[in-house]
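Visitor: give the three-dimensional model of this entry:
(2 chains)
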2 protein chains.
Amino acid sequence: MERSSHADRFAEMIGAAHVLTSPDDQAPFLTEWRDLYQGVTPVVLRPGSTEEVSAVMTYACQQGLKIVPQGGNTGLVGGQIPQESGDEIVLSLSRLNKVRSVDPAGFTITVEAGVVLETLQNEADKVDRLFPLALGSQGSCQIGGNISTNAGGTAVLAYGNTRDLVLGLEVVLPTGEIWNGLRTLRKDNTGYDLKQLFIGGEGTLGIITAAALKLFPKPKKLEAAFIGLPDPHAALKLFTLAKAQAGPVLTGFEIMPRIGMEFCLRHLEGSRDPLESAHAWYILMELSSASDAFPVRDLMESILGEAFEEGLVEDAAFAQNLSQVQDFWHIRHGMSEVQKPEGGSIKHDVSVPVATIPDFLDRAMAAVESLVPGCRPVPFGHMGDGNIHFNVSQPVGADKEIYLARWDEMNAVVHGIVHEFGGSISAEHGIGRLKRDLLNEVKPEIELDLMRRIKAAFDPKNLLSPGRVI
Amino acid sequence: MERSSHADRFAEMIGAAHVLTSPDDQAPFLTEWRDLYQGVTPVVLRPGSTEEVSAVMTYACQQGLKIVPQGGNTGLVGGQIPQESGDEIVLSLSRLNKVRSVDPAGFTITVEAGVVLETLQNEADKVDRLFPLALGSQGSCQIGGNISTNAGGTAVLAYGNTRDLVLGLEVVLPTGEIWNGLRTLRKDNTGYDLKQLFIGGEGTLGIITAAALKLFPKPKKLEAAFIGLPDPHAALKLFTLAKAQAGPVLTGFEIMPRIGMEFCLRHLEGSRDPLESAHAWYILMELSSASDAFPVRDLMESILGEAFEEGLVEDAAFAQNLSQVQDFWHIRHGMSEVQKPEGGSIKHDVSVPVATIPDFLDRAMAAVESLVPGCRPVPFGHMGDGNIHFNVSQPVGADKEIYLARWDEMNAVVHGIVHEFGGSISAEHGIGRLKRDLLNEVKPEIELDLMRRIKAAFDPKNLLSPGRVI
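Guide: Below you'll find the predicted structure:
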């Protein structure tokens, strides 16, 4: 690539200050936080408007230049990092950060792709509304990236995945053309629902530059309980009972094993066991309602009363105030980091049909314990969504590197069981570069073929995020 | 087409009894209930399994035969009726009518495409669950058709469109290949979400043969109020107030004008005005909850109390029992048929952003009254979804035929205003054959182009439902 002449042209389009060529300026765009990928790029572009993104893409298409869009650079599968070959241009959306309009009466908001998730949550809050998407990285991830990866998070049970929150999109296509699909309609049956391809398309079909999103009433009442149970089979029965009685008021149902609690007590500052004695499994159950009139606490007591009678629940602690709710969630959110001091951890981001979680856990835990005797499974996560972070800590005293060398082997075992249960090998995090080869193993050929046809129809020169997903 | 030899081959594949060639046998498949389309076909095929659908499609693809899939034949835009040219084979899904599995614990059900919607509702009910899709034609429409057209109905406000109810699909592609995407996962980020193209694809990209669907807790408590208001501006404020307080408990918010009430009182058996005096506009508001513990009546009173104080509401009647709830809905459901005895009615199935409904109604009503002085707009529908059935009755005493001759002219005026509001010219009913030309007028060229590329990628020979949608 003739770097300097392209850079000059880009400077004319978006301003020289936004064309980054020095290693120091580029550095934040080339490494992700888990240090799995270290990219190389001729230039990082930071356009300031949809029209500038369009100009860049039009030129890139004419010149045959490869482009990788990047949001807050919080992705976990390497999609946003340019390849080591050094021929991919990074296009950062972070300067497209305007809130275009807020409509509290109609419960919608329209924002540009580079708006940080937490900013978006705050904008909704200002008009007494909720934007429910909530993630660990919400302080830096951007809504464009959230949509491109169909982000999950902790509010999926009641509000759905990011896909369910999107009403309309504005997208710059690989040719540079702008598709204005920024509708805020709740019903629209006029042809193929194109936005669905860009949602979760991981930036391979077009660059999302703005989105119209749903807002919700702000919860006025919130209750949480920390529940000890004998096993995941009891947890499933509790889930079914709670969902049948609470419906959309059931906003959280997270599962954790005893070993995860022990790790927290050992390594997580400010954690204490909410229950007096030890239990094999825990559920963090949350109920919340937009309505002041809803006796949410009564409902929580009624559900747990029935569960006690049926012998599903061994003990339960109710949060007495918001601070205790946060204490409960502190343990749940700590589940991932407390595995680090325990040595190597082999991770899986999987989902199975909700009702099969107990059987899946029985099978998968036995399988990894048989593969690596002494290994310590710490499966936890969004049971109500069927999404388990199936992490497995190394045996006590084992060599970390030797253990981690078995990553692919253990993945193959667990993913094989996931496949038998009709599950997904990437419930939340997407495919990117990390799981592209895996995709070829788990998807039927006809599905891969349809995906390839769509990619070719949208990006015939394969210039946008090449080597990701498909 | 060599009819007899093809028919013989089809008989080998699916049994001679299911290959219909006589006019009497074919008749029910060739006319829709509004008598707008009268089709001609060489043969109606009624395969009994996914494999048989696949065999038919494989042969059709090899031989270059055109195929039109048909469900319950309740569509309103002609998509399911073969063209008058007589070269399209009708493929009826009605024999694929098995419930494959029900999972009350995980809140899912998996059914074949030919299952009648009401049967599906009943199957859910048997296990104490709700399948929320509800339509006027639910006694004969089939779930495969509902999904192919992304049907709307009366439960969209709380449960979403049909699209939102689908977890997975099994589809026979135009080549005859079977795509098994029958997953029941709540979270799955493994590549492009292909099912979204078949949902609302109106049978142009593949034939849906089975679907995995979401179930919900059955509502245990239900309250309805019939509310008189001065204008749609007050109705919008009431909607925003109710939604903010009730959240997902607000399950119905339907608007009707006084003239619609008068038509009902004149022509609808069993209707009476729930309120003592006349009001310019009416809202039917429904709250329902899965939870016995929810004081739904208190919430209704609290919302309306606040609305009275703010001067939004003039009068309101509360349903005292389920029979009165049904009486309220009887008026709402009667809004369409009571227009018939009043002469010709020019219809529009449109949506606009919810918060713009009052302004849209002001503009559109003034525009049609200016176009045809004395005409009587009867706009009603799902205000909470932004979906208005903008029907306009002829002036009293006018000639029906002369009035209806202005259908396209009035459509153009109304759709022009819809377009200015960023709305949709087909909120519920789809495009089919009826609105295909209209689509070319209202969509940007780039969007039509992307749709054409997708169609070509899936059905390069253009053999499946040709001439529909795009």
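Visitor: point me to the residue of the stretch 1-150 of chain A nearest chain B.
Guide: Proximity to chain B, evaluated over the stretch 1-150 of chain A using Cβ to the nearest Cβ, is greatest for residue A:106 at 3.3 Å. Where C-beta positions appear, they are placed from N, C-alpha and C, glycine not excepted.
Visitor: might you report the residue contacts of that residue?
Guide: Counting by Cβ atoms under 8 Å, 6 or more residues apart in numbering or on different chains, residue A:106 touches A:184, B:240, B:353-356, B:386.
Visitor: and the strands in the stretch 151-300 of chain A?
Guide: If you assign secondary structure with DSSP state E, counting those that start in this stretch, the strands in the stretch 151-300 of chain A sit at A:166-172, A:178-181, A:207-214, A:216-217, A:221-229, A:250-257, A:281-289.
Visitor: re earlier: and the contacts of residue A:106, which two are the farthest apart?
Guide: A:184 and B:240 (14.7 Å; Cβ to Cβ).
Visitor: and these two? which has more neighbours close in?
Guide: Taking neighbours as other Cβ atoms under 10 Å in any protein chain shown, residue A:184 and residue B:240 compare with residue A:184 leading, 25 against 18.
Visitor: what's the spacing between that one and residue B:65?
Guide: Counting by Cβ to Cβ, to the nearest Å, the gap from residue A:184 to residue B:65 is 42 Å.
Visitor: can you check residue A:113 too?
Guide: Here residue A:113 is placed at a distance of 45 Å from residue B:65 (Cβ to Cβ).
Visitor: of those two, give the one with the bigger neighbour count.
Guide: Taking neighbours as other Cβ under 10 Å, residue A:113 and residue B:65 compare with residue A:113 leading, 29 against 20.
Visitor: you'd agree that one is up against residue A:211?
Guide: Yes. Contact criterion Cβ atoms under 8 Å: residue A:113 and residue A:211 qualify, at 7.0 Å.
Visitor: give me the common contacts of the two.
Guide: Among the neighbours of residue A:113, those also in contact with residue A:211 (Cβ under 8 Å, 6+ apart) are A:143-144, A:147.
Visitor: TSV please, covering those and showing secondary structure, pLDDT and neighbour count.
Guide: TSV is the format used below for the shared contacts of residue A:113 and residue A:211 (DSSP: H, G, I helix; E, B strand; the rest coil; pLDDT from 0 to 100; neighbours: other Cβ atoms under 10 Å in any protein chain shown):
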residue	secondary structure	pLDDT	neighbour count
A:143	helix	98	31
A:144	helix	98	28
A:147	helix	98	25
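Visitor: what about residue A:119, distance to residue A:131?
Guide: In terms of Cβ to Cβ, residue A:119 sits 10 Å off from residue A:131.
Visitor: more neighbours: which of the two?
Guide: Higher neighbour count among residue A:119 and residue A:131: residue A:131, with 23 against 17, using other Cβ under 10 Å.
Visitor: could you measure that one against residue A:169, distance?
Guide: Taking Cβ to Cβ, one finds residue A:131 at 16 Å from residue A:169.
Visitor: and for residue A:451?
Guide: Taken as Cβ to Cβ, the span from residue A:451 to residue A:169 is 19 Å.
Visitor: thinking residue A:432 is in contact with residue A:439, fair?
Guide: No. Shown here, residue A:432 and residue A:439 do not form a contact pair, counting by Cβ under 8 Å, at 10.1 Å.
Visitor: which one of the two is surrounded by more residues?
Guide: The residue with more neighbours, out of residue A:432 and residue A:439, is residue A:432; 26 against 18, by other Cβ under 10 Å.
Visitor: residues contacting residue A:244?
Guide: Contacts for residue A:244 (Cβ under 8 Å, 6+ apart) come out as B:128, B:217-218, B:290.
Visitor: try it again with 7 Å
Guide: By Cβ atoms under 7 Å, 6 or more residues apart in numbering or on different chains, the residues touching residue A:244 are B:217, B:290.
Visitor: for it, report the pLDDT, please.
Guide: For residue A:244, the pLDDT comes out at 95.
Visitor: show me the shaky parts of the stretch 201-350 of chain A.
Guide: Within the stretch 201-350 of chain A, no range satisfies pLDDT under 70.
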